[in-house]
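In: Build the 3D model from these lines:
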Amino acid sequence: MAEPTPSPARYEPADVTFGFLLTGAVGVLTAVALCAGFVIWLYPDATQDHRLASPLPVYPAPRLQASPHNDLVQFTAAELKRLNSTGWVDKQHGIVHIPIDDAMRRIAQQGIADWPRPAGGKP
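Out: Numbering: from 1, shown residues only. You can find the predicted model right below:
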């Protein structure tokens, strides 16, 4: 048995009339105009231009970063340099900073004062 072929698609002029389209377009434009009018009524000062006076004020830190990647690279390099070097933290009180590896080695050898010892007695 052969399949029946459907009839070709046709335009039905009675589906949507020009008057219906015109009414819909006028309704949408009216709704947009009413919403715009409501917003202007709700915020009357929003339509005024409020520009900053020249020159622009200088704002306190933190400032925007012009190049965040370069700032991060410089920050990381400075931190690594400080972590891997020796220097004074407070010279009056005799406080210094030492490289992390040295500090970890000293802690492993000497232990921490007032830290509980293991049951065997060795640190």
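In: what about Ser54, is that helix, strand or coil?
Out: coil (DSSP: H, G, I helix; E, B strand; the rest coil).
In: Now do the contacts for it.
Out: The contact partners of Ser54, taken as Cβ atoms under 8 Å, 6 or more residues apart in numbering, number zero. Quick note: C-beta positions are derived from backbone N, CA and C, even for glycine.
In: Just the pLDDT for it.
Out: Among the per-residue scores, Ser54 holds a pLDDT of 80.
In: do Ala25 as well
Out: In the predicted model, Ala25 carries a pLDDT score of 97.
In: Secondary structure element holding it?
Out: Here Ala25 is covered by helix 18-42, with elements defined by DSSP states H and E.
In: what's the offset of that helix from the middle of its chain?
Out: Between the mean C-alpha point of helix 18-42 and the mean C-alpha point of its chain there is a distance of 37 Å (Cα atoms, centre = their mean, to the nearest Å).
In: what packs against it?
Out: The criterion is 3 or more Cβ pairs under 8 Å, 6 or more residues apart in numbering; DSSP states H and E, and there are no helices or strands that helix 18-42 contacts.
In: Show me what that helix is in contact with.
Out: Contacts with helix 18-42, where a contact means Cβ under 8 Å, 6+ apart, come from 46-47.
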